[in-house]
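[1] Whatever this is, show me its structure:
(one chain, ligands or ions: 2)
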Amino acid sequence: MQSSCDHSCNPNSKDKEMEVIGIEGTAWNLSVALFSDEEGVVCEVESPYVPERGGIHPREAAQHHAAEIKRVVGEVLRASEEISGVAFSQGPGMGPCLRVVATAARALSLLLRKPLVGVNHCVAHIEIGMWNCGVYDPVVLYVSGANSQVLVYHFGRYRVLGETLDIGIGNALDKLARSMNLQHPGGPKIEKLAADGGNYIPLPYVVKGMDFSFSGLTTAAEDALRRYSAEDVAFSFQETAFAMLTEVSERAMAHLKKEDLLLVGGVGANKRLQEMLRTMCEDRGARFHVPEKRFLKDNGAMIAYLGLLMLKCGAITEIENSAVKPNFRPDEVEVRWRI
Ligand code: ATP
Ligand code: FE2
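    Ligands and ions are numbered 1, 2, ... in the order given. Next up, the predicted model:
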């Protein structure tokens, strides 16, 4: 496990194995896991919400999580030995979904008489990626449905070097897929279509300094569907959007003289994106890292793992401070476990 946390700040952590339960449910995936400092991921149970039509409806997703959470948490509790803390995704995410998760986490913490740890979902994606890949100080490209950011750790925080000015790349892919009448999630379907395309249609390439934008690109791609095949539009969309992300990631590495790039978040499963980033890294003599797929998408293990790191540093969330944070940014978090 990669952590520079000074365990002396928690006397228990020196001699005793610690196990944390983590509850994730910011959007589509209700996922609960146990992470122990000796065994890593002990168990993980998930219940994904798949909308019948359209995108994720926050209230429907929350109803799904509420209906499933007792069963999912119960299964994980049966696999537990002695839980040291209860971690939950405090944000960012969809308000109604976050509230279901926070309510369950508070109840569990009170019932088990164990500390509550409110976790930032974005930082959890980063930390589990670093743990799974064994990399410590990379430039991070975090690409998911709602989020697209390039980050690096510096002086006690994950600093956002560049980010989307409008929608996340995953939401852009999902939106384009909906225009093709494909069911959510759209990212994997666009990837499949793109593999059968090959004619590049020029689309808006929008990088502004270290930031990027996908909204105009998505509208232009939807418009192009009236004149070109879905395969060629999917191919051109991916080539354009992923080149934008690769350009900004490379600039971050060049400025900071970093030799590692870590890809995290659900869109990180895309093979073409991985290929473009890997080629860029190889060309500059740098290393490219991508975690196992189960740690790319939303997962309870990442919440339990970051909860464990935070708990060891005494970063506990009192009940009165446990309100959900739908717009919680990663750079708001004081990263005490790395100091
Ligand atoms: P966040 O709160 O971090 O934004 P999220 O709720 O979007 O998370 P993730 O599981 O991290 O959840 O990412 C889901 C996104 O990943 C969806 O937009 C989905 O279409 C996209 N995605 C999944 N697989 C692929 C793929 N192979 N290619 C492109 N996009 C993908
Ligand atoms: Fe996510």
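[2] Phi, psi for the residue of the stretch 151-300 of the chain found nearest ligand 2 please.
    Taking Cβ to the ion, ligand 2 has its nearest neighbour within the stretch 151-300 of the chain at residue 298, 4.3 Å off. To be clear about C-beta, it is placed using only N, CA and C from the backbone, and glycine gets the same treatment. Here is the backbone geometry of residue 298 (degrees, to the nearest 10): phi -60, psi 130.
[3] could you measure it against residue 227, distance?
    Taking Cβ to Cβ, to the nearest Å as the measure, residue 298 and residue 227 are separated by 36 Å.
[4] hmm, back to that, what pLDDT does the residue of the stretch 151-300 of the chain closest to ligand 2 get?
    At residue 298, the model reports a pLDDT of 98.
[5] Please apply the same query to residue 339.
    73.
[6] right, and it touches residue 156 too?
    Yes. Using Cβ atoms under 8 Å, residue 339 is in contact with residue 156, at 6.1 Å.
[7] how about the residues of the stretch 1-150 of the chain that lie near ligand 2?
    Residues of the stretch 1-150 of the chain lying close to ligand 2 by Cβ under 5 Å from the ion are residue 144.
[8] Reduced to three states, what does the residue in the stretch 1-150 of the chain that ligand 1 sits nearest to come out as?
    Ligand 1 sits closest to residue 145 of the stretch 1-150 of the chain, with a gap of 2.4 Å, by Cβ to the nearest ligand atom. Per DSSP: H, G, I helix; E, B strand; the rest coil, the local secondary structure of residue 145 is coil.
[9] cool, the one 5 residues further on as well?
    The local conformation at residue 150, judged by three-state DSSP, is strand.
[10] How about residue 23?
    Strictly by three-state DSSP, residue 23 counts as strand.
[11] Spatially nearest residue to it (excluding sequence neighbours)?
    Closest residue in space to residue 23, ignoring its immediate chain neighbours: residue 88 at 4.5 Å, by Cβ to Cβ, 6 or more residues apart in numbering.
[12] Next one: that neighbour relative to residue 128, how far apart?
    15 Å.
[13] State the number of residues packed around the closest residue to ligand 2 within the stretch 101-250 of the chain.
    Ligand 2 sits closest to residue 144 of the stretch 101-250 of the chain, with a gap of 4.2 Å, by Cβ to the ion. Residue neighbour count, defined by other Cβ atoms under 10 Å, stands at 25 for residue 144.
[14] ranges for the strands of this protein?
    Secondary structure of the chain, counting by DSSP state E: strands at 19-24, 29-36, 40-48, 85-91, 116-120, 139-143, 148-154, 157-163, 207-208, 211-212, 260-264, 287-289.
[15] I'd say the residue of the stretch 1-150 of the chain closest to ligand 1 and residue 172 touch.
    No. Contact criterion Cβ under 8 Å: residue 145 and residue 172 do not qualify, at 9.4 Å.
[16] Show me which residues of the protein sit near ligand 1.
    For the chain, the residues in contact with ligand 1 (Cβ under 6 Å from any ligand atom) are 26-28, 93, 121, 144-147, 168, 170, 173-174, 185-188, 191, 265-267, 269-270, 297-298.
[17] Now, those residues that are in helices?
    Using DSSP state H, the subset of the residues of the chain next to ligand 1 located in helices is 121, 170, 173, 174, 187, 188, 191.
[18] which residues touch the closest residue to the last one other than its chain neighbours?
    Counting by Cβ to Cβ, 6+ apart, the nearest residue to residue 191 once its immediate chain neighbours are dropped is residue 270, at 5.4 Å. Shown here is residue 270, whose contacts under the criterion Cβ atoms under 8 Å, 6 or more residues apart in numbering are 187, 191, 238, 242.
[19] tell me the domain ranges of the chain?
    For the chain, automatic domain parsing gives the domain ranges 2-125+296-338, 137-293.
[20] Mean pLDDT lowest where, among these?
    domain 2-125+296-338 (a mean of 92).
[21] and residue 293, how many residues sit next to it?
    For residue 293, using other Cβ under 10 Å, the count is 11.
[22] you'd agree it is up against residue 269?
    Yes. Shown here, residue 293 and residue 269 form a contact pair, counting by Cβ under 8 Å, at 5.4 Å.
[23] ok so, going back, in terms of neighbours, single out the busier of residue 88 and residue 128.
    Between residue 88 and residue 128, counted using other Cβ under 10 Å, the more crowded position is residue 88 (32 against 26).
[24] Please tell me I have it right and the residue nearest to residue 23 contacts residue 119.
    Yes. With contacts counted by Cβ under 8 Å, residue 88 reaches residue 119, the gap being 6.6 Å.
[25] joint contacts of those two?
    22, 303, 307.
[26] Tell me the most packed of those residues, by neighbour count.
    residue 303 (36 neighbours).
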